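Engineer: Have a look at this fold, sequence not included:
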């Protein structure tokens, strides 16, 4: 039996967590034991315990407790893993790679899921961006397989030259589950008490890259043009209270519905008439794939890779156009809302879970 360690130091509601859960759900686990190393991630812990694996809580600071940090990683990596699969956005420390090689004979799969740094200030961005680029050499040195969710994510993690040899592992989904359902739409409208004709939707963590503040600015401008609209924001995160306060300051709180993260998120796409995603940066957002599987049109920032448009339903628009122009564009698109069947297109582009699980499985057993 193969022993695989999945390393995913990420929030329970993040796209990386969802990717890991999606792909593990399609793996043939009778010949594989999956253990998981993460950071206060109850969803991944629950999965590991349910499927006979072990969950390791990675909650030790390398800087505050260097001896304990090394001892912990030695204990984890010494368990004779065949493969360690790193699902990361940035290279926060080279020691993770180094210790994996030192204390095990495992093959290392480095899997990039983003294309920039998440930082609260410009100074922090500059510092962490520099550190990340410096540590690229170690990702290239220690990895047996370089993987990424998009070309941009590959270039971010490994540099442009090394990225040419990266394997693109698409952020695949269960296509049928996300297809449009009129019953879901009607039930949710009634449950949430929505009376307006149009519903804009966004799903994502309340964090800097998702640019929720801009979404509110755009929506405030949209209401000046079209009052028959409701905005639904689904997710949680460190900026949630700040965004709720801004909605009150803009006097639009009665037209904005905040919903906590949902395990059955697939039912909510049918509620929306337009999906909006003015992100500052993304790898290849799984939510955008899900929206397209629902046949839902999307307006997204041009910071998001063009690879994410699998169906022709995604329109890219510059953040430099400002909230006023974004509101005009949304109001225009609302006049042509509707759904199309996209299942075949998405499957042909390689975004079915089954096909991607087969690729990853070949790396595990190669």
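Structural biologist: Looks like it arrived, so ask away. Quick caveat, the model's predicted, so the values are computed rather than measured.
Engineer: Residues in contact with stretch 260-273: which ones?
Structural biologist: Stretch 260-273 is contacted by residues 12-13, 174, 177-178, 180-182, 184-185, 188-189, 192, 198-201, 203, 232, 234-236, 259, 275, 290-291, 293-294, 296, 334, 337 when judged by CB atoms under 8 Å, 6 or more residues apart in numbering. (Glycine included, C-beta is placed from N, CA and C.)
Engineer: can you give me the strands in the stretch 1-150 of the chain?
Structural biologist: 2-8, 32-38, 55-57, 83-88, 107-112, 145-148 (DSSP state E, counting those that start in this stretch).
Engineer: how about residue 115, what does it touch?
Structural biologist: Neighbouring residues of residue 115 by CB under 8 Å, 6+ apart: 150, 152, 153, 155, 156, 281, 282, 283, 305.
Engineer: Pretty sure the third one sits in a strand.
Structural biologist: Right, the one you point to is residue 153. No - counting by DSSP: H, G, I helix; E, B strand; the rest coil, residue 153 is not found in a strand; it is helix.
Engineer: May I ask which two of the contacts of residue 115 are separated the most?
Structural biologist: Maximum pairwise distance among the contacts of residue 115 (CB to CB): 13.8 Å, between 155 and 282.
Engineer: what about those two, which has more around it?
Structural biologist: Taking other CB atoms under 10 Å, residue 155 and residue 282 do not tie; residue 282 has more neighbours (28 against 18).
Engineer: right, and the more buried one touches residue 305 too?
Structural biologist: Yes - between residue 282 and residue 305 there is a contact at 7.2 Å, judged by CB atoms under 8 Å.
Engineer: wait, isn't residue 194 in contact with residue 230?
Structural biologist: Yes - contact criterion CB under 8 Å: residue 194 and residue 230 qualify, at 5.2 Å.
Engineer: Find the residues that touch each one of these two.
Structural biologist: residue 257.
Engineer: between these two, which one's more packed in?
Structural biologist: A direct count of neighbours by other CB under 10 Å for residue 194 and residue 230 places residue 230 higher, at 24 against 16.
Engineer: rewinding a little: by pLDDT, give me the weakest of the contacts of residue 115.
Structural biologist: Least confident of the contacts of residue 115 in the model: residue 283, at 81.
Engineer: Can you give me the neighbour number for it?
Structural biologist: Using other CB under 10 Å, residue 283 has 27 neighbouring residues.
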